[in-house]
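A.B. asks: Predicted structure and sequence below. I'll ask about it afterward.
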Amino acid sequence: MSIKEMIKEHPHVGADYNESLGEAVKHAMYCAAICNSCADACSAEEMDMRRCIRLCMDCADVCTATYRVATRRTDENRQLIRTVLATCIEACETCAVECEKHDHDHCRRCAKMCRECAEDCRRALTELNEEVHSDGQRSDFAHNAA
């Protein structure tokens, strides 16, 4: 099953499928699962991993909200999609920085996935900002995540 095909089959999408947004959706789904798993693995570590667990859980929740909002295409709200993409970038970057502090395979994998997800969300956000809407207006939404 392909999320790309599912989105394309929506009556309001069809040929207007946004490849970068589709990639962001896919990686946000993966990132949510990996962050959730990393939080659980961190809870089994002997050292104090409370901050890492918290940031992984926050990131998983934000990624879940991102992919859910971005896959809803009926009467789509592009400004809300841009907002959740920017929030996802922030959550992923914050989680990646924390996970990179720990010498655990699960944290390294989580940090890598978070970086990939943030980059895909950044590309989708840029592309959405460049679209000209039916009313002839362009909307810009900036995000300054590190």
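C.D. replies: Done, it's in. Computed from a predicted model, the values in this text were never measured in an experiment.
A.B. asks: Roughly how far does residue 89 sit from residue 126?
C.D. replies: 11 Å (Cβ to Cβ, to the nearest Å). In short, each C-beta sits where N, CA and C put it, glycine included.
A.B. asks: nope, residue 54 is what I was after
C.D. replies: 29 Å.
A.B. asks: secondary structure element for residue 23?
C.D. replies: helix 19-43 (DSSP states H and E).
A.B. asks: got the buried residues for that helix?
C.D. replies: Of all the residues in helix 19-43, those buried under the rule 16 or more other Cβ atoms under 10 Å are 20-29, 31-32, 34-39, 41-42.
A.B. asks: Using the three-state scheme, assign the residue located most distally from the centre of the chain.
C.D. replies: Residue farthest from the centre of the chain, counting by Cα atoms, centre = their mean, is residue 46 at 29.6 Å. Three-state call for residue 46 (DSSP: H, G, I helix; E, B strand; the rest coil): coil.
A.B. asks: For it, list the residues it contacts.
C.D. replies: For residue 46, no contacting residues are found, by Cβ atoms under 8 Å, 6 or more residues apart in numbering.
A.B. asks: Give me the helix or strand of the protein that scores worst on average pLDDT.
C.D. replies: helix 3-8 (a mean of 71; mean pLDDT, DSSP states H and E).
A.B. asks: So which other helices or strands are in contact with that helix?
C.D. replies: Counting contacts by 3 or more Cβ pairs under 8 Å, 6 or more residues apart in numbering; DSSP states H and E, helix 3-8 is packed against helix 19-43, helix 50-71.
A.B. asks: now the longest one and helix 50-71, what's the angle there?
C.D. replies: Angular relation of helix 19-43 and helix 50-71 on a 0 to 180 degree scale: 150 degrees, by axes from the mean of the first three to the mean of the last three Cα atoms, to 10 degrees.
A.B. asks: tell me the average confidence for helix 19-43?
C.D. replies: Averaged across helix 19-43, the pLDDT comes to 95.
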